[in-house]
Each structure stands twice: as structure tokens, then as C-alpha cells.
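A.B. asks: Return a 3D structure for these sequence lines:
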Amino acid sequence: MRTSTTIEASANWPETVDFVVEAEKLGMDICWVAEAWGADAPSPLGYLAAKTERMLLGSAIIQLATRTPMAIARAAITLSNLSEGRFLLGLGPSGPQVIEGLHGVPFARPLSRMRETVEIVRQATSGDKVSYTGREFQLPLPGGEAKPMRLSMRAEHDLPIYLATLSPKMLHLTGEIADGWLGTSFVPEGAKEAYFDHLDAGLAASGRSRTDLDICQGAEVAFAEDEDALNAMVADRKKELAFSLGGMGSATTNFYNSAYSRQGWAEVAAEVRERWQAGDRDGAAGLVTDEMVLATTLIGTEDMVRARLRVWRDAGVDTVRFYPAGETLDARLTNLGRAIGLVRDIEGEIAR
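C.D. replies: Got it, this is the predicted structure:
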């Protein structure tokens, strides 16, 4: 497995840069940069391209509907060229709260918007003139004076495209057209029905197999030295998980809640959402079980985390995305270094 992490540039940027630079020294393979409702992704990626030498750099994600497909293509080609081929383009639909509430554009039809955006980006990176007729986008705009154009720059390197998707139709599309999948809310024991069956159907539709798709999954990683420390960690994470189940998305659309529901927690996920939406956040957190926290994170004793990483590997995860816990830079780097070491040990088991 390759190792990666995700950062966001919304706060304490100097320390974030130090974290990324030191993570590269620890041997980490990829740094993903998030774009939620704070800092954008392309700007910090350009800065990190100058501060790192070997590590791959990816957007995780650039939000659809916040930019035209050509704006996404231009940013992606620029980042790929200036990083000398180290850039991975991660795209995601986000949700109606951010897209309609913050950007004021319709969230409708994210499936066709995603497919068409990827097709236009690939046409732009090919160096050909861009001409496209789709449901969401038409280039050039019909009825005007413009003719098809090609970009004045060339993509000098391969530009892999990763999609962050959760719904069955989006997962099918990911298998059909993407180079990688950025997953979340991952439970290996329930992943076949919730995720992999849909990804595999998409791969088969395009004549491909699982080896053609990089499976990248993420979770918080933290190490407990004893049972008391572990119990405290689990208790702390319940409110965060309750927010994902009840506070993310909109009143009617929450992809995280749906993903947990498909993995065996439909009843509790619905109750958590109802409590959270009613303003009872402590009550919502109280419904989250220890099992839910431990199944969707990489927290525990070192032996527990090592065993869990083996389960992830055996389930088909190619790239693990660590969110190291810690109140300080040193603490986060220590947790990240331990996690990277465990992955190397596990890979060594295969080699032996």
C-alpha cells in the first residue's frame, strides 16, 4: 500500500507546510489538499509543489460546479507541469449545502456534470481543440461567434483523475471513467455491497478490472497506550461521527449518512440524524456506538492498528490516507510516522 495524508490550508499555514515537508521526509507518498468551505485546493498545491521534491500532490477534492470544466483543466495542467508530473486531479460533487448555499449554483444532476467534466478535462489535456456537446456543457457556446479552441499550453505529463464518490451511481461512474477512487466512511467488512460491487460494475462496463483503479481510503489514525486511553479516544470521536451522520449535507441529502446506512447502521444513522437536526447534539453523539467508531477509524493500540491495516489491504485498499491525531505538530508527525512504519512492515510481510 502507498501512504498519504490530507491537509487543508484554512488555518496555521506555516505549520501545515512544516507538516507536509516533514511527512515527505518520513517517506509518505502522496499529500492531498482538501477544499471544503474554507481555503481552495489549487493555490496551496502550487506552493507545496515548490516546497517538496518527491511526493505526489493531489486535490481532494476540487468541487464540481464551483468552476467550469475548462477552469479545472487549466489549473490541473498548470499544477502538473510546474510539479513536473506529480499532480493528481481529485474531483468531487460536494453537496447541496455548499454548492447551492455558498456558491449559489444548482447542485442538480451531479452525475452528468461529473462525467462531462472529466471528458472535457481529458479533451483539453490531449492538446486537441475542445469541442463538446453534452447535457450540462456545450463548447463553444451555441449561437455565438466563437469557434473551438485549444489551450495555449500542453500537458507535459500524464494527469490521473480521481473521483470522490459515495452513491451507487457515482461509484459506477468512478469505475467506468476514473483512474482512482477517493473513498470515505469505509468499513472493510461491508465494503463489497456498499462500494466495490458498484465500482466493479463500472470497471466491467469499460472493459477494465480492479487493477486499473487505485483504491484510496482514509481514516483517522491514533495510538492508545492502554485500554483507558482507548476508551477516552473512542468517546471523543463520537461527536465527530455524529456530525458526519447528522450535520453534513442538507436536511434531505447526506451522502455520509447514506454510506453508513448501506454498511449495516441504517437505523442508528437515521436516529443520529434526527437528533442532530433537532439540535440535540449530545443525544446524537450518545447514539454512536464504540463499534461504529472503531470500524471506521484506525485508532487503537499498535497491534490493533496493524491488524486493521492488514484488513484494509486484504479488502483491496491500494493507498491509505491517514488523518493523524495530535494537538501539536510533533504529535501528529509521530502518529503519522508510526502509521507509515506499520504499512511498511505489512508490505514487508508480503515480500517475505
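
A.B. asks: in the stretch 101-250 of the chain, which spans are strands?
C.D. replies: Counting by DSSP state E, counting those that start in this stretch, the stretch 101-250 of the chain has these strands, from start to end: 132-133, 138-139, 161-163, 180-183, 214-223.

A.B. asks: Give the other helices and strands that the third one contacts.
C.D. replies: Applying 3 or more CB pairs under 8 Å, 6 or more residues apart in numbering; DSSP states H and E, one finds that strand 161-163 makes contact with strand 87-92, helix 110-125, helix 168-177, strand 180-183. (Each C-beta comes from the backbone N, C-alpha and C, glycine too.)

A.B. asks: quick one: low-confidence parts of this protein?
C.D. replies: 249-251, 351 (pLDDT under 70).

A.B. asks: a markdown table for the strands of the stretch 101-250 of the chain, including mean neighbour count and distance to G337?
C.D. replies: As requested, the strands of the stretch 101-250 of the chain are arranged in a markdown table below (neighbours: other CB atoms under 10 Å; distance: least, CB to CB, whole Å):
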| stretch | mean neighbour count | distance to G337 |
| --- | --- | --- |
| strand 132-133 | 13 | 46 |
| strand 138-139 | 16 | 47 |
| strand 161-163 | 24 | 25 |
| strand 180-183 | 25 | 23 |
| strand 214-223 | 22 | 11 |
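
A.B. asks: returning to what we had before: okay, the helices and strands packed on strand 161-163 in a markdown table with distance to G46 next?
C.D. replies: Compiled in a markdown table, the helices and strands packed on strand 161-163 are given as follows (distance: least, CB to CB, whole Å):
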| stretch | distance to G46 |
| --- | --- |
| strand 87-92 | 10 |
| helix 110-125 | 18 |
| helix 168-177 | 26 |
| strand 180-183 | 20 |
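
A.B. asks: Pick the most buried one from the ones you listed.
C.D. replies: Each of the helices and strands packed on strand 161-163 was assessed for mean neighbour count using mean count of other CB atoms under 10 Å. The highest is strand 87-92, with a mean of 26.

A.B. asks: From the chain's centre, how far out is it? Work that out for me.
C.D. replies: Counting by CA atoms, centre = their mean, to the nearest Å, strand 87-92 is centred 9 Å from the centre of its parent chain.

A.B. asks: what angle sits between it and helix 168-177?
C.D. replies: Using axes from the mean of the first three to the mean of the last three CA atoms, to 10 degrees, one finds that strand 87-92 and helix 168-177 are set 150 degrees apart in direction.

A.B. asks: just checking, what packs against strand 87-92?
C.D. replies: Where contact means 3+ CB pairs under 8 Å, 6+ apart, strand 87-92 is packed against strand 56-59, strand 62-63, helix 69-82, helix 110-125, strand 161-163, strand 180-183.

A.B. asks: quick revisit: please identify which of the helices and strands packed on strand 161-163 is closest to R273.
C.D. replies: Nearest to R273, of all those, is helix 168-177, at 19.6 Å by CB to CB.

A.B. asks: how far does the closest one sit from the chain's center?
C.D. replies: The chain centroid and the centroid of helix 168-177 are separated by 15 Å, computed with CA atoms, centre = their mean.
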